[in-house]
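Asks: What follows is a predicted protein model with its sequence.
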There are 2 protein chains.
Amino acid sequence: MSELKIRRLNALDADFARQMDALLSWNEASDSAIHQRVLEIIERVRHEGDAALMDYTHRFDRYAVERMDQLELSRDKLEQAWKGLDSQKQQALETAAARIRAYAGHQKTESWSYTEADGTVLGQQVTPLDRVGVYVPGGKAAYPSSVLMNVIPAKVAGVPEIIMVVPTPDGELNELVLAAAFLAGVDRVFRVGGAQAVAALAYGTATVPRVDKIVGPGNIYVATAKKLVFGQCGIDMIAGPSEILVIGDGQTDPDWVAMDLFSQAEHDEDAQAILVSPDAGHLEAVAASMEKLLSGMERKEVIAASLNSRGALIQVRDLNQAIEVANRIAPEHLELSVADPASLSGGIRHAGAIFMGRHTAEALGDYCAGPNHVLPTSGTARFSSPLGVYDFQKRSSLIFCSGPGADVLGKTASVLARGEGLTAHARSAEFRIQHS
Amino acid sequence: MSELKIRRLNALDADFARQMDALLSWNEASDSAIHQRVLEIIERVRHEGDAALMDYTHRFDRYAVERMDQLELSRDKLEQAWKGLDSQKQQALETAAARIRAYAGHQKTESWSYTEADGTVLGQQVTPLDRVGVYVPGGKAAYPSSVLMNVIPAKVAGVPEIIMVVPTPDGELNELVLAAAFLAGVDRVFRVGGAQAVAALAYGTATVPRVDKIVGPGNIYVATAKKLVFGQCGIDMIAGPSEILVIGDGQTDPDWVAMDLFSQAEHDEDAQAILVSPDAGHLEAVAASMEKLLSGMERKEVIAASLNSRGALIQVRDLNQAIEVANRIAPEHLELSVADPASLSGGIRHAGAIFMGRHTAEALGDYCAGPNHVLPTSGTARFSSPLGVYDFQKRSSLIFCSGPGADVLGKTASVLARGEGLTAHARSAEFRIQHS
């Protein structure tokens, strides 16, 4: 059965705010049993290293090896995967990689400094991370596009070494993922996954080098492990279910909008697809398109489950109110399916990515427009940003005080340090005051 | 008793790497009883709001009020604190604030976009966070400089509303902290602290508005609460003990270097101060200076305890090896107390802030040089950065595909989506391909 019963809301209802809270509520499973299990896995990998990694891979992925080097995939193996692709797929991956690289190039931050009148120099030195780990899920959610999106910004940032981990349950390899890793320039690949792979990257083993940051999506074990190793190394965001909010002026082909909502809903049953429009007729036309198109979809059960549990069609007074709804939701993906998207985008305060105009399907951004598809979910666009080159660079403040500069600053520092009762700070500053 | 017994290491020792691991090992207290207690506090504030906040403030800070508005400090009250300062302190705070603001101004990121030949526009829209919460500790660790360092970058980023929380145990207010809050432009101040204040900021109560990010230092309860609310809102880093690494060429006055090490050690007994030099005589001269100067220090017990448990004097072969040691440590503060610091700073891959040259005492940077004093600790400079304007801005990707652009990109997206088995994605892209 895949019948659609998508909820309808109206922003003019007195109860709308409460209904929105209910629609958006998402309680991340935080299972304390999983937490405990993951803690144990991390501790064991930390202390037993490769032996623990081989054991877990045998048990969880049913893939047994005798030596750790058998869990590494050579660059040759990646190259073979690349060469084995048909030229259409090669070309599509190359186009996507080139566009992701071009966009990322705009994000690269350079060091800067400025010199004050007395010769004091202040600045910021920007450096890439030394080594980054990329987690790539195995099985059905193994996405080559995700390899490109996670690896290329790190390469553009100048990260010298990128380590990929990917589970290969029952020994099965995903050739498209390996080909993407080859194209993106991954340095080393280990066929390990789960919390044990995260632990190996965070602490290092005899074979797997310790990394400075771990990025990439994964299941609840992977996400829990990333949270637990945070501080030992950096991590990217912890992703919730994927979401799309479409704001429509009513003039976009309802089939297009319906398919855009489906493209989000097909990810999984927790994905969220919402359409907002001031045009009640358009909302119903899109609903009718969805009814019509659903039966032709390969993943119709997932789509129906997602739309029925978390989807919504929301009528608003006008496009300004639609923008308010968008800012309340802070969606991962926001389509402005309107005639003049530029007139609305400036009012958007919170969104991971804004897809402007009727032709800009989210799917174009998911694969190849250029901007990253790793985006903040579950309203976290209120305070976080798409994955980018920024996430693979870091900054060190630079301070050079000339003699006269130290003289002037020393006096201010002394007053403030004494105000805080930190007298060694004060004296350290006072030593630099020239008593002339 | 405050006797100095600071450890000596030599980088040429076969065992040096292991000794460094021991020197740097720092296990953050992760007490599961505290974790559980903080979880309870958060849940109660989340569900009971103001009532819970007043109750906890009564119990933990021994400060009883009958209505929540009695826990708010008016802007008038802050202004009174400012006006009550002597002009020397006012001037020092104003100088510091102006310099912090000027440096932060260099960090502000602007939106950008570029247009491709077919009219496709890609870009990045940068917006400030809506509302930020700043935690300020009460009691002995109440630092007005910390108020300036946390608030000013948020103001420069354009954050429209800044909420400060500060515990006032037994009702006692810190006038210097309130004055700094006035100067920095804090919008509202609540006299609450601990995990309950963090919970109120993260979830909001009837009186305390929900914020999008919480920054600022705090004790283990505050740090634990920040970790637990992360995801509900953003947080800054979780700080470990403060550290300094001084690289000396042997030509800086040993008293200056000794006092710089003291200025770190006086923070608390877990603070870490390390001197590295190729000049064995300099290491001993600094040790002698420390012996000589210690008895005159107000906080000599703390300084001695810190230096004896976590300090070190490290002899190296040459300055290049000193740089290697610095990159191994990834120190929060790094002083290059050498003749030509610019010749060394480019080799530093990991440090929170680099203080260049003999005149640039860390204390100048702590208060008023301009760069932020909120810096990554415990080796996390390998992957993270000083607090800055960046932390109060976020980015939304912008994608506008022209008709011809969507046509070209649609073909690539279709191939990749079908390769991943996501056929609704493929069809959504294919709808935009013009069949002409």
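Replies: Yes, it's here.
Asks: quick one: contacts for A:Val189?
Replies: A:72-73, A:77-78, A:163-166, A:178, A:181 (CB atoms under 8 Å, 6 or more residues apart in numbering or on different chains). Quick note: C-beta positions are derived from backbone N, CA and C, even for glycine.
Asks: Please repeat the previous calculation with a cut-off of 6 Å.
Replies: When contacts are counted by CB atoms under 6 Å, 6 or more residues apart in numbering or on different chains, A:Val189 touches A:73, A:164, A:181.
Asks: and what of A:Tyr103?
Replies: Per CB under 6 Å, 6+ apart, neighbours of A:Tyr103: A:370-371, B:122.
Asks: Angles on the backbone of it, please.
Replies: A:Tyr103 adopts backbone torsions of phi -70, psi -50, taken as degrees, to the nearest 10.
Asks: again, but for A:Ala51
Replies: Backbone torsions for A:Ala51, taken as degrees, to the nearest 10, come to phi -60, psi -40.
Asks: now A:Met164
Replies: phi -110, psi 140.
Asks: Quick check: it vs B:Leu4, distance?
Replies: 49 Å (CB to CB, to the nearest Å).
Asks: Those two: which is more packed in?
Replies: Using other CB atoms under 10 Å in any protein chain shown, the more surrounded residue of A:Met164 and B:Leu4 is A:Met164, with 28 against 14.
Asks: Could you check the pLDDT of that one?
Replies: Per-residue pLDDT puts A:Met164 at 98.
Asks: need the helices for the stretch 201-350 of chain A, in chain order.
Replies: In the stretch 201-350 of chain A, the segments counted as helices under DSSP state H, counting those that start in this stretch are A:220-229, A:254-265, A:280-294, A:300-310, A:319-329, A:342-345.
Asks: of all those, which lies closest to chain B?
Replies: Evaluated with CB to the nearest CB, the helices of the stretch 201-350 of chain A place helix A:254-265 nearest to chain B, the distance being 4.0 Å.
Asks: That closest one near chain B at all?
Replies: Yes: counting by CB under 6 Å from any CB of the partner chain, contacts between helix A:254-265 and chain B involve A:256, A:259-260, A:262-263.
Asks: And those residues, which of them are buried?
Replies: Listed as buried from the residues of helix A:254-265 next to chain B are A:256, A:259-260, A:262-263; burial here means 16 or more other CB atoms under 10 Å in any protein chain shown.
Asks: thinking again about what came up before, let me know the closest of the contacts of A:Tyr103 to B:Gly185.
Replies: A:Pro371 (33.9 Å; CB to CB).
Asks: what helix or strand does the nearest residue in space to that closest one that is not next to it in sequence sit in?
Replies: Of all residues not flanking A:Pro371 in the chain, B:Ser397 sits nearest, at 3.6 Å (CB to CB, 6 or more residues apart in numbering or on different chains). B:Ser397 is part of strand B:393-400 when elements are defined by DSSP states H and E.
Asks: Which neighbouring elements make contact with that strand?
Replies: Helices and strands touching strand B:393-400, as assessed by 3 or more CB pairs under 6 Å, 6 or more residues apart in numbering or on different chains; DSSP states H and E, comprise strand A:353-356, strand B:121-128.
Asks: Tell me which of these sits most buried.
Replies: Each of the helices and strands packed on strand B:393-400 was scored by mean neighbour count; the highest is strand A:353-356, a mean of 26, by mean count of other CB atoms under 10 Å in any protein chain shown.
Asks: That one pairs with which strands?
Replies: Paired with strand A:353-356 in the same sheet, following DSSP bridges, are strand A:333-337 (parallel), strand B:393-400 (parallel).
Asks: could the ones you listed be laid out in CSV, adding distance to A:Arg8 and mean pLDDT?
Replies: Shown next, in CSV, are these (distance: least, CB to CB, whole Å; pLDDT from 0 to 100):
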stretch, distance to A:Arg8, mean pLDDT
strand A:333-337, 19, 98
strand B:393-400, 28, 98
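Asks: So which of these is nearest A:Phe230?
Replies: strand B:393-400 (19.5 Å).
Asks: contacting residues for A:Ile220?
Replies: Contact partners of A:Ile220, counting by CB under 6 Å, 6+ apart, are A:Ile34.
Asks: got a pLDDT number for the residue minimising distance to the centre of chain A?
Replies: Of all residues in chain A, the one closest to the mean position by CA atoms, centre = their mean is A:Val374, 3.1 Å from it. Per-residue confidence at A:Val374 stands at 95 (pLDDT).
Asks: count of residues packed around the residue lying closest to it once chain neighbours are set aside?
Replies: Among residues not flanking A:Val374 along the chain, A:Leu387 sits closest, at 3.7 Å (CB to CB, 6+ apart). Here the number of neighbours of A:Leu387 (other CB under 10 Å) works out to 24.
Asks: Helix, strand or coil: sort out A:Leu387 for me.
Replies: State at A:Leu387, reduced to three classes by DSSP: H, G, I helix; E, B strand; the rest coil: coil.
Asks: For A:Ser397, see how far away the residue lying closest to A:Gln251 once chain neighbours are set aside is.
Replies: Leaving aside its sequence neighbours, A:Gln251 sits nearest to A:Ala339 (CB to CB, 6+ apart; 6.3 Å). A:Ala339 sits 47 Å away from A:Ser397, going by CB to CB.
Asks: neighbour count winner among the two?
Replies: A:Ser397 (25 against 12).
Asks: my guess is the more buried one contacts B:His373, does it?
Replies: No: with contact defined as CB atoms under 6 Å, A:Ser397 does not reach B:His373; the gap is 9.2 Å.
Asks: Chain B contacts on the stretch 151-300 of chain A?
Replies: Going by CB under 6 Å from any CB, the residues of the stretch 151-300 of chain A near chain B are A:176, A:212-213, A:234, A:256, A:259-260, A:262-263, A:266, A:297-298.
Asks: Rebuild those residues as CSV, extending it with pLDDT.
Replies: Output for those, formatted as CSV (pLDDT from 0 to 100):
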residue, pLDDT
A:Leu176, 93
A:Asp212, 98
A:Lys213, 98
A:Gly234, 95
A:Trp256, 97
A:Met259, 97
A:Asp260, 97
A:Phe262, 97
A:Ser263, 96
A:Glu266, 95
A:Met297, 96
A:Glu298, 94
